[in-house]
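*Asks:* 3D model of this:
(one chain, ligands or ions: 1)
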Amino acid sequence: MNLRVPGPTPLPPEVLQAEAKPMINHRSKDFAQIQNRVVARLKESFQTANDLLLLTGSGTGAMEAAVVNTLSPGDRVLAVSIGNFGDRFADIAATFGAEVVRLTFGPGEHADPDAVRTALAQDPTLTAVLVTHNETSTGVTNPLEDIAGVVREFDKLLIVDGISSVGSIEIKTDAWGLDVVVSGSQKGWMAPPGLSMITMSERAWAAYRQAQMPRFYWDVGKAKKSLERGETPWTPAVSVVYALDAGLELLSQEGFANVYARHARLAAMTRQGIKDLGLKLVAQEERYASNTVTAVWAPEGIEERAIRSTLRQEFDIELAGGQGELTGKIFRIGHLGYVSEADLQAVLDALRVVLPRVGFSGAGAAGARG
Ligand SMILES: *Cc1c(COP(=O)(O)O)cnc(C)c1O
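*Replies:* Below you'll find the predicted structure:
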């Protein structure tokens, strides 16, 4: 199957083999060696000298860890949201008792750094900012460096969901002053679901020592202590650690600069192909369009599910639908991790056949609509 959703991604044979290796004691030198290698390589790709901890759980678990380890009930937090995953970050903080001030942008918009500045200037009681680097639900990448610059002006804690960006789209954790960054193994890492990662700056550790939200499984202090022995506080997803190790080996061989360039190239090719078919991107400004996922409006009057089910049944291609308020209105093409030009050409070629069949007359050779 050509699995083209924004995680989980297809896996290279080397990773599938690694995942099938026999179990070892997770409190052994052998495990410590693998985890230490994985963490060192992850730090390289996050471009950080901060602590980086491997957690067992999906990306949302790391988002929850980011919140409960740095905030207290009653803290006022600015949640910048351009879509479903930004909303989720806000919801997690609210669930644990933060007073969430929402700064929300419409579908396909990026977060405007000036609006972040205005929000922070208006409310000096805000203590932290939550922001999504790459909003997977709309296919938009936020100008994180600029947003971080604004947050640094106000010296607030900056907590970043980099789940679908880090490893595929360059992020400079230390240079940009990002305090907490999280990612998940099934996105750009050529690995299966089951692990997440979290970085903690000095400022984040200072917040940790004050934070009063309840935490146990996600306590990053326990994870840091264990990591000093190459261990984890609880039984980790050992097979996924093997697989992530193998995925990182492949990414390192390719070189992260080349990995980012490959994602940029494939995303540009996908967007061009979509526009050539007469379809419209959800991203309102193409310079903010994501390099890991392309979100596309279903043509007026066409059921997007019909497009996806025909692709699945006749071409063995699996795309993602919309989330939240975009359900039924958009479809999304994942192009992250183990992905090549041929994988995306197959999607574009199949769409060219399928669109006229579901009633879209503007497709392809028939002439694009403006
Ligand atoms: C996938 C994703 C998540 C959720 O991760 P899970 O692993 O499904 O819990 C959160 N944020 C972003 C930006 C994502 O792409």
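*Asks:* Tell me how this structure divides into domains.
*Replies:* According to automatic domain parsing, the chain comprises the domains 13-252, 255-357.
*Asks:* okay, how far is it across the shortest one, tip to tip?
*Replies:* The reference is to domain 255-357. With C-alpha to C-alpha, to the nearest Å applied, domain 255-357 spans 42 Å between its terminal residues.
*Asks:* how about it against the ligand, any contact?
*Replies:* No. Using C-beta under 6 Å from any ligand atom, domain 255-357 never reaches the ligand; the gap is at least 7.8 Å. Using the backbone N, CA and C atoms, a C-beta is placed for each residue, glycine as well.
*Asks:* Give me the mean pLDDT for that domain.
*Replies:* The predicted model assigns domain 255-357 a mean pLDDT of 97.
*Asks:* How far does that domain sit from its chain's centre?
*Replies:* 17 Å (C-alpha atoms, centre = their mean, to the nearest Å).
*Asks:* next one: the first one
*Replies:* For domain 13-252, the distance from its own C-alpha centre to the chain's C-alpha centre is 9 Å (C-alpha atoms, centre = their mean).
*Asks:* With adjacent residues omitted, what lies nearest to the residue in the stretch 51-200 of the chain that the ligand sits nearest to?
*Replies:* Nearest residue of the stretch 51-200 of the chain to the ligand (C-beta to the nearest ligand atom) works out as G59 at 2.8 Å. Leaving aside its sequence neighbours, G59 sits nearest to G184 (C-beta to C-beta, 6 or more residues apart in numbering; 3.1 Å).
*Asks:* where's that neighbour relative to Q35, distance?
*Replies:* 17 Å (C-beta to C-beta, to the nearest Å).
*Asks:* picking that back up, output the domains of the chain as TSV; include the columns mean neighbour count.
*Replies:* Output for the domains of the chain, formatted as TSV (neighbours: other C-beta atoms under 10 Å):
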stretch	mean neighbour count
domain 13-252	20
domain 255-357	18
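*Asks:* Out of these, the one nearest M1 is which?
*Replies:* M1 lies closest, by C-beta to C-beta, to one member of the domains of the chain: domain 255-357, at 5.1 Å.
*Asks:* mind listing what the spatially most central residue of the chain touches?
*Replies:* The centroid of the chain falls nearest to S164 when counting by C-alpha atoms, centre = their mean (1.7 Å). Contact partners of S164, counting by C-beta atoms under 8 Å, 6 or more residues apart in numbering, are 6-7, 133-134, 136, 184, 187-188, 290, 292-293, 336.
*Asks:* sorry, back to before: can I assume the residue of the stretch 51-200 of the chain closest to the ligand is in contact with V182?
*Replies:* Yes. At 6.6 Å, G59 counts as touching V182 under the criterion of C-beta atoms under 8 Å.
*Asks:* okay, and the common contacts of these two?
*Replies:* Counting by C-beta under 8 Å, 6+ apart, the shared contacts of G59 and V182 are 161, 163, 196.
*Asks:* can you pull the contacts of V131?
*Replies:* Here V131 is in contact with 80, 86, 89, 111, 142, 144, 147, 158-161 (criterion: C-beta under 8 Å, 6+ apart).
*Asks:* so of those residues, which ones are in strands?
*Replies:* Using DSSP state E, the members of the contacts of V131 that fall within strands are 80, 158-161.
*Asks:* Within reach of the ligand, which of the contacts of V131 are there?
*Replies:* Within the contacts of V131, those near the ligand by C-beta under 6 Å from any ligand atom are D161.
*Asks:* Turn the contacts of V131 into CSV, including pLDDT.
*Replies:* Formatted as CSV, the contacts of V131 follow (pLDDT from 0 to 100):
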residue, pLDDT
V80, 99
G86, 98
F89, 98
A111, 99
N142, 99
L144, 99
I147, 99
L158, 99
I159, 99
V160, 99
D161, 99
